[in-house]
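>>> Give me a model of this one.
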Amino acid sequence: MGLKISFLLPICLTFIISCKKSGSGSNSGAPGCISEETISMDSLAPPLTQAQLDVINNLFRQNNLPTANQQFFYVDSNYYTPPGYNANVDQVMILSYRWYNNLPVFMWNDNYIFYNGVLQPSASVIYEGPAPETGPFSQSLSSLHTIWLNNFMKVATSSPLSNKLTYPNPGFRDSCLTAQPGYVDAALFDSTIAWATQLVKAWQVAPVGRVYPMVYIEDSTGAPWPSDVFIP
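Predicted coordinates:
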């Protein structure tokens, strides 16, 4: 897979290329109204300039870094003096979404930091675990719908004007849903697993055309997340 670029956009519910439905169609309130939708990495237009692409290619080549499974969407350069340095360095930040098997990794982007052309592992946030398993997903749409109904009321938001968490009203129960397959960090469902070391198959489920209230569901176990999670 070659170098891929995209706009800085939420991965969820964007550039839909395929869909299958369960239940009574797309009318709000229909029992079991849920559809599976997937997006393609190749369907996203490249917004970065050729000069930015050259910066990415050169830095990754100089540092023996692979560009496979990456969808770059941001490049920034500035001069500053990091802690422990006595002079300015040319800092370059490169951000990318991570994809496997043409499916996105939800809630994650790699953050590469370079000083004077050299990768800084301690300043970067990069997934370095193994690729997730391939093969079909196991959860049915009806099962995903039920799990979402049992957990969407746990999704909390907060306003800058208030310190109190706000939870969805029960009216969302009548929403038609979109279920998107992909991967998430395994630590989301198992606190004994270190972050950025393992990915698992998962579903991103939310009302059609919305990102709230969104529930992530582990494909193999049906375990939901969040549980009273804070979403700024």
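
>>> residue contacts, residue 147?
Residue 147 makes contacts with 139, 205, 215, 217, 222, 224, as judged by Cβ atoms under 8 Å, 6 or more residues apart in numbering. Any C-beta I mention is one placed from the backbone N, CA and C, and that applies to glycine too.

>>> Run the chain-centre distance for stretch 205-216.
The chain centroid and the centroid of stretch 205-216 are separated by 13 Å under Cα atoms, centre = their mean, to the nearest Å.

>>> what does it contact?
For stretch 205-216, contacts defined as Cβ under 8 Å, 6+ apart pick out 10, 12-13, 26, 34-35, 106-107, 144-145, 147-148, 151-153, 155, 157, 168, 172, 175-180, 184, 188, 202-204, 217, 224-226, 231.

>>> how close does residue 201 sit to residue 187?
Here residue 201 is placed at a distance of 15 Å from residue 187 (Cβ to Cβ, to the nearest Å).

>>> go on, residue 32?
Using Cβ to Cβ, one gets 31 Å for the distance from residue 32 to residue 187.

>>> hey, where'd the strands end up in this protein?
Secondary structure of the chain by DSSP state E: the strands cover 4-5, 16-22, 34-39, 70-80, 89-100, 103-115, 118-119, 156-158, 165-166, 177-185, 199-207, 215-218, 224-225, 230-231.

>>> I'd like the ones you listed laid out as a markdown table, including mean neighbour count and mean pLDDT.
Formatted as a markdown table, the strands of the chain follow (neighbours: other Cβ atoms under 10 Å; pLDDT from 0 to 100):
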| stretch | mean neighbour count | mean pLDDT |
| --- | --- | --- |
| strand 4-5 | 20 | 44 |
| strand 16-22 | 12 | 47 |
| strand 34-39 | 20 | 92 |
| strand 70-80 | 17 | 93 |
| strand 89-100 | 19 | 95 |
| strand 103-115 | 20 | 95 |
| strand 118-119 | 15 | 98 |
| strand 156-158 | 15 | 83 |
| strand 165-166 | 12 | 85 |
| strand 177-185 | 24 | 97 |
| strand 199-207 | 24 | 97 |
| strand 215-218 | 22 | 97 |
| strand 224-225 | 19 | 94 |
| strand 230-231 | 12 | 43 |
